[in-house]
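J.: What would the 3D arrangement of this be:
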Amino acid sequence: MNTNRSISFHHPVAFWIGCIAIIGGVLSHMPMFMMGRHNGYQMVGMPMDTPMLIGMAMIPLGVLLAAYGLMPRIGRMAKSGHGDSHLQFHVADGVPLNAEHWKLVVVLVIALAVDVLKPATLGFVMPGMTREYEITKETAGVLALVALTGTTVGSVLWGRIADVFGRRAAILLSALMFIGTAICGAMPAFGWNLAMCFLMGASAGGLLPITFTLMAESVPAAHRGWLLVALGGVGTSAGYLLAAGSAAWLVPEFSWRALWLLGLPTGLIIVFLGRFIPESPRFLSNAGLVDEAREVLARFSGPRSAATAAGAVVVEVATEDPSGGLAQLLRSSHARITWGLIVCGVAWGLVNFGFLLWLPTNLGSMGMDATAASALLARSALLALPGIGIVIWLYHRWSSIKALVLFIVLTTATLLLFVAMSVVKVQSGVAIVAATALLLVSSSGVIAMLIPYAAEIYPVHLRGTGSGVIAASSKFGGIVGAGLGVMGVFTHFATSALLIAAPMAVAAALLVRSGIETRGRRLEEIQQALLLRAR
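T.: Numbers count the residues shown, from 1 in each chain. From the prediction side, this is the model:
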């Protein structure tokens with residue numbers, strides 16, 4: 001049964017016309033791109049012809065049409081503070097994983113891999129872009145900063161869209177923006193690349209928290225935790241592998257521009273897989289679309305189980321204002337845990353986009369040559385690979401909140417270890433490899449659990465927004481890290497490690513105080529426990 005047919009969009013015709021307009025807008029740039037095949041596909045300085053200008057206008061028009069087509073019928077939606085009261089989800093939470101669950105998992109892994117692929121290509125386009133536009137490496141670095149800013153804005157914006165219009169609609173719209181920003185590969189000037197890169201980052205930043213939100217609301221409670229963490233680990237690894245493979249295959253033949261143009265086919269993959277992405281039954285129930293929610297439940301747990309769920313009596317323990325929004329997230333009963341996760345995200349961004357980026361340089365300042373430093377980091381990364389398995393096991397078998405706090409504490413302790421090693425001038429290769437591997441394992445564990453945990457703790461009307469804000473905090477930490485790098489803070493090894501260890505420790509303290517266990521618990525139980533704790 002294709003339950004997506006029962007989800008009433010405002011104008012499906014408008015959606016497909018919008019898709020055609022976006023695709024046509026991208027394809028209108030191809031003739032100019034092909035004109036550059038005789039000089040290595042260099043387009044710098046080329047004047048934009050009429051088809052390109054018309055295509056650039058078609059893309060935003062197509063996005064607006066598609067957004068209008070994906071918008072649910074507002075008149076049929078009636079949000080409530082406990083919209084889950086229409087259906088009891090304990091039946092669906094108690095079923096074993098079936099073919100429909102695995103189908104959703106595979107589709108979301110593909111979507112996340114495509115999401116990671118786009119920003120991951122930044123590092124591979126930098127050399128060719130720098131040469132073609134004849135800009136300095138510092139100027140080219142602005143591109144990464146702009147993309148990071150886009151992901152920060154996009155995470156919050158798309159998270160809110162997912163809470164208002166639905167998870168599936170937000171995923172499809174994000175994919176269409178992926179397609180539209182493919183024209184970045186045909187831009188003749190660096191300034192145009194900056195603008196398109198911001199929009200690319202906005203679409204990429206939004207897709208990540210939405211996939212976790214949809215997964216959390218669709219899979220059984222007993223399997224939710226490990227599937228969420230595995231989704232992040234597998235999807236991210238696959239995305240980076242796709243980026244590296246695409247660069248090795250396409251760049252020598254079609255130049256760096258082909259990596260941007262790859263947004264067209266990869267975005268289309270998500271659009272065509274949209275028929276296998278159901279809307280979240282919890283979102284549908286919260287929106288008052290109970291019949292549609294019942295159909296999706298039947299898809300995942302069987303018609304008999306869905307009928308039982310529909311007739312179950314729900315005992316409401318606590319309710320809250322259903323309006324949602326960022327203000328409610330930061331000031332209501334969720335404020336303390338939200339701030340703890342935000343501080344953690346910012347601190348992780350400082351580690352990943354600041355401390356680790358400058359680590360080769362700082363190892364050189366400790367007397368190690370560049371080749372040896374690169375080899376040490378490679379060995380450390382290899383030793384860190386099994387860490388994701390440990391994270392999944394601890395999150396699923398031990399405790400979600402304790403596992404998250406443990407890895408935050410480990411990251412803090414490792415940063416302090418680097419401080420001590422810098423003070424006493426340790427130059428032992430074994431010690432540096434061990435410390436670096438531990439930092440990679442601990443920081444990777446933090447980000448692997450951070451957004452999945454956020455997708456579990458918030459109520460349905462705030463889940464997309466909450467996941468988006470937490471995802472944005474990690475990117476914002478990267479922006480701050482880039483700024484501190486320009487200021488030269490990370491060239492001071494001990495000082496920078498100590499600077500990042502402080503917010504990490506604060507995050508651990510906040511989460512010890514306000515964190516709540518999610519392992520094996522139904523989302524409705526988690527929501528009610530969090531509300532009762534705040535009272």
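
J.: pLDDT averaged over stretch 433-452, what's the number?
T.: Predicted confidence along stretch 433-452 averages 84 (mean pLDDT).

J.: With stretch 475-491 instead?
T.: Across stretch 475-491, pLDDT averages out at 81.

J.: Next one, pLDDT for P72 please.
T.: We have a pLDDT of 67 for P72.

J.: Kindly report the same for L376.
T.: 62.

J.: Ok, A455 next?
T.: The pLDDT attached to A455 in the predicted structure is 91.

J.: Show me the shaky parts of the stretch 201-350 of the chain.
T.: In the predicted model, the stretch 201-350 of the chain carries pLDDT under 70 at residues 302-325.

J.: Quick one: the helices in it, in order.
T.: 221-254, 257-261, 263-273, 281-286, 290-301, 303-311, 326-331, 335-350 (DSSP state H, counting those that start in this stretch).

J.: and these as JSON lines, adding mean neighbour count and distance to H38?
T.: (Glycine included, C-beta is placed from N, CA and C.) Supplementary listing: the helices of the stretch 201-350 of the chain in JSON lines, determined by neighbours: other C-beta atoms under 10 Å; distance: least, C-beta to C-beta, whole Å:
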{"stretch": "helix 221-254", "mean neighbour count": "19", "distance to H38": "13"}
{"stretch": "helix 257-261", "mean neighbour count": "23", "distance to H38": "14"}
{"stretch": "helix 263-273", "mean neighbour count": "19", "distance to H38": "23"}
{"stretch": "helix 281-286", "mean neighbour count": "29", "distance to H38": "52"}
{"stretch": "helix 290-301", "mean neighbour count": "23", "distance to H38": "53"}
{"stretch": "helix 303-311", "mean neighbour count": "16", "distance to H38": "61"}
{"stretch": "helix 326-331", "mean neighbour count": "15", "distance to H38": "51"}
{"stretch": "helix 335-350", "mean neighbour count": "24", "distance to H38": "43"}
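
J.: In CSV, list the ones you listed along with distance to R521.
T.: Rendered in CSV, the data for the helices of the stretch 201-350 of the chain read as follows (distance: least, C-beta to C-beta, whole Å):
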stretch, distance to R521
helix 221-254, 6
helix 257-261, 42
helix 263-273, 30
helix 281-286, 15
helix 290-301, 18
helix 303-311, 17
helix 326-331, 21
helix 335-350, 15
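
J.: Please list all residues in contact with the closest residue to H29 other than its chain neighbours.
T.: Counting by C-beta to C-beta, 6 or more residues apart in numbering, the nearest residue to H29 once its immediate chain neighbours are dropped is A186, at 3.9 Å. Residues near A186 by C-beta atoms under 8 Å, 6 or more residues apart in numbering: H29, M30, M32, F33, M43, M52, R257, W260, L261.

J.: with these in mind, which one is nearest to I269?
T.: Nearest to I269, judged by C-beta to C-beta, of the contacts of A186 is L261 at 14.4 Å.

J.: So that closest one versus G232, what's the distance?
T.: Distance check for L261 against G232: by C-beta to C-beta, to the nearest Å, it reads 27 Å.

J.: Check the residue of the chain most remote from its centre and give its pLDDT.
T.: Relative to the average C-alpha location in the chain, and by C-alpha atoms, centre = their mean, no residue lies farther out than V424, which sits at 39.0 Å. According to the per-residue confidence, V424 scores 75 in pLDDT.

J.: try the one 3 residues further on
T.: Taken from the predicted model, the pLDDT recorded for Q427 is 62.

J.: Could you do G25 as well?
T.: According to the model, G25 carries a pLDDT of 94.

J.: Settle this for me: it is touching L65, isn't it.
T.: No - no contact is recorded between G25 and L65 when judged using C-beta atoms under 8 Å, the distance being 11.8 Å.

J.: And these two? Which one has more around it.
T.: Relative neighbour count places G25 above the other of G25 and L65, with 25 against 22, counting by other C-beta atoms under 10 Å.

J.: so where does the more buried one fall, helix or strand?
T.: Element membership for G25 (DSSP states H and E) is helix 12-27.

J.: What lies in contact with that helix?
T.: Applying C-beta under 8 Å, 6+ apart, the set of residues contacting helix 12-27 from outside is 9, 54-59, 61-70, 176, 179-180, 182-183, 264, 268, 271.

J.: mind saving the C-alpha coords of the helix or strand that it is followed by as CSV?
T.: Moving toward the C-terminus from helix 12-27, the next helix or strand (DSSP H and E) is helix 30-35. Output for helix 30-35, consisting of C-alpha atoms alone and laid out as CSV, is shown next (Å, rounded to 0.1, in the frame of the first residue of the first chain):
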residue,chain,number,x,y,z
MET,A,30,25.1,22.9,-19.6
PRO,A,31,25.8,24.4,-23.1
MET,A,32,28.1,27.1,-21.6
PHE,A,33,29.8,24.4,-19.5
MET,A,34,30.4,22.2,-22.5
MET,A,35,31.8,25.2,-24.4
